[in-house]
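Q: no sequence on hand, only this structure:
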């Protein structure tokens with residue numbers, strides 16, 4: 001078993017290999033945390049107000065929640081596939097991709113360290129480092145698209161002039177995301193080469209910078225990478241629509257712009273980044289931010305609770321069905337039996353070309369040594385460029 005396999009097996013949060021009662025425990029824990037959060041907020045809002053909201057339920061709007069979830073899942077699938085294949089990346093099989101998207105969309109099986117999709121990428125031929133870069137890129141794309149929605153909604157709300165949403169929520173969204181993205185792109189392009197071959201926290205920072213540069217490459221070529229950008233936009237739009245439909249089911253047709261401001265604020269901790277798909281955390285934070293954006297607290301509590309209940313339980317069966325595929329794929333990764341596939345023809349970069357991160361080696365050499373990430377050299381597949389080009393003088397390609 002490889003070192004990556006030993007680290008994966010030792011992770012206390014690894015849920016992929018659990019079965020039966022061992023797998024039921026975290027599911028019941030997530031349900032208990034959500035119930036505790038809803039109960040606490042219902043006490044704050046008033047149980048009578050929450051009950052009054054519940055008896056006003058309009059079933060047609062509630063039935064729209066699963067449809068919006070399906071739209072969100074389609075967007076997530078497209079974004080997953082496109083981010084992992086972009087700029088000379090990796091093409092997962094449909095079976096692997098469906099399994100890892102089902103697990104990722106549920107969010108229940110995400111853990112710290114090596115995530116399931118990271119091991120699936122390794123089984124498809126990626127090095128451990130490249131897999132971590134791609135997984136970090138996907139998480140970064142989630143946050144980047146969420147920030148774009150929050151920024152656009154806040155600017156629109158400020159231009160409209162109503163005072164229902166406080167300035168301390170809208171103003172940061174309107175001001176911070178664009179300069180923060182520009183600063184991140186500049187820092188990554190300036191300092192990534194200096195971190196080549198380093199260990200410890202510098203190696204982790206180099207991985208983060210590689211992910212930032214890959215995100216920049218995705219947004220720099222929106223037509224070429226329309227799947228990654230459009231898929232992630234559709235994912236968040238569908239997810240926000242589930243919240244709007246749930247609020248409408250309990251009698252509040254909320255202004256879409258105001259909802260987006262509150263939704264983006266509450267979703268800064270996403271299902272993918274929070275433990276147990278944000279159980280308890282999102283259920284506690286999201287109603288408060290939606291309430292701050294103008295919805296009655298009792299309706300915000302019931303609406304988000306309905307969303308979390310339907311979203312969690314409807315996505316759980318597909319996530320459970322994905323476990324055998326994930327176990328089989330991760331066994332290939334940890335045993336070192338994975339083979340390196342060729343990148344898709346439309347995504348392949350030329351030798352010595354680091355186009356997918358926005359970086360190009362000055363000398364254009366066809367063969368560059370691999371980074372020192374404690375892995376043996378592999379074939380000269382162009383997907384290694386993100387690791388190899390950082391060892392050489394580079395310039396930013398506009």
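A: That came through, no problem. Note that the structure is a prediction, hence the values are computed from the model and not measured. Numbering: from 1, shown residues only.
Q: please enumerate the helices of the stretch 151-300 of the chain.
A: Using DSSP state H, counting those that start in this stretch, the helices assigned to the stretch 151-300 of the chain run over residues 167-175, 177-191, 201-220, 226-249, 256-266, 281-292, 297-335.
Q: residue 17: which of the ones you listed is closest?
A: Residue 17 lies closest, by Cβ to Cβ, to one member of those: helix 297-335, at 6.4 Å. All C-beta spots, glycine's among them, are computed from the backbone N, C-alpha and C.
Q: by contact count, what packs against the closest one?
A: helix 3-10, helix 21-45, helix 47-54, helix 59-85, helix 94-106, helix 116-123, helix 226-249, helix 281-292 (3 or more Cβ pairs under 8 Å, 6 or more residues apart in numbering; DSSP states H and E).
Q: dump the ones you listed to TSV, plus mean pLDDT, distance to residue 263 and mean neighbour count.
A: Supplementary listing: those in TSV, determined by pLDDT from 0 to 100; distance: least, Cβ to Cβ, whole Å; neighbours: other Cβ atoms under 10 Å:
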stretch	mean pLDDT	distance to residue 263	mean neighbour count
helix 3-10	46	34	15
helix 21-45	92	16	16
helix 47-54	96	19	16
helix 59-85	96	13	19
helix 94-106	90	18	21
helix 116-123	82	25	27
helix 226-249	97	5	22
helix 281-292	94	7	23
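Q: can you tell me the centre-most residue of the chain?
A: Computing the C-alpha centroid of the chain and ranking residues by Cα atoms, centre = their mean puts residue 139 first, at 3.6 Å.
Q: wait, that one sits on residue 273?
A: Yes - because the distance of 6.3 Å satisfies Cβ atoms under 8 Å, residue 139 is recorded as touching residue 273.
Q: if we can go back for a sec, how near is the residue nearest to the centre of the chain to residue 81?
A: Remark: distance between residue 139 and residue 81 (Cβ to Cβ, to the nearest Å) = 16 Å.
Q: do the same with residue 95
A: Using Cβ to Cβ, residue 95 is found at 13 Å from residue 81.
Q: what touches both of those two?
A: Residues touching both residue 95 and residue 81 by Cβ atoms under 8 Å, 6 or more residues apart in numbering: none at all.
Q: and the helix or strand containing residue 138, what does it pack onto?
A: Using DSSP states H and E, residue 138 maps to helix 128-160. With contacts taken as 3+ Cβ pairs under 8 Å, 6+ apart, helix 128-160 sits against helix 59-85, helix 116-123, helix 167-175, helix 177-191, helix 201-220, helix 226-249, helix 256-266, helix 385-388.
Q: check the gap between the residue located most distally from the centre of the chain and residue 183 for me.
A: Computed with Cα atoms, centre = their mean, the residue of the chain farthest from its C-alpha average is residue 48, at 37.1 Å. Here the criterion is Cβ to Cβ. By it, residue 48 lies 48 Å from residue 183.
Q: can you check residue 99 too?
A: For residue 99, the distance to residue 183 equals 37 Å [Cβ to Cβ].
Q: contacting residues around residue 23?
A: Counted by Cβ under 8 Å, 6+ apart, residue 23 has contacts 15, 320.
Q: at 10 Å instead, please
A: By Cβ atoms under 10 Å, 6 or more residues apart in numbering, the contact list for residue 23 reads 15-17, 108-109, 320, 323.
Q: mind checking pLDDT for the residue lying closest to residue 178 once chain neighbours are set aside?
A: Using Cβ to Cβ, 6 or more residues apart in numbering and skipping residues adjacent in sequence, the residue nearest residue 178 is residue 151, 6.7 Å away. Residue 151 carries a pLDDT value of 97.
Q: appreciated, that's everything.
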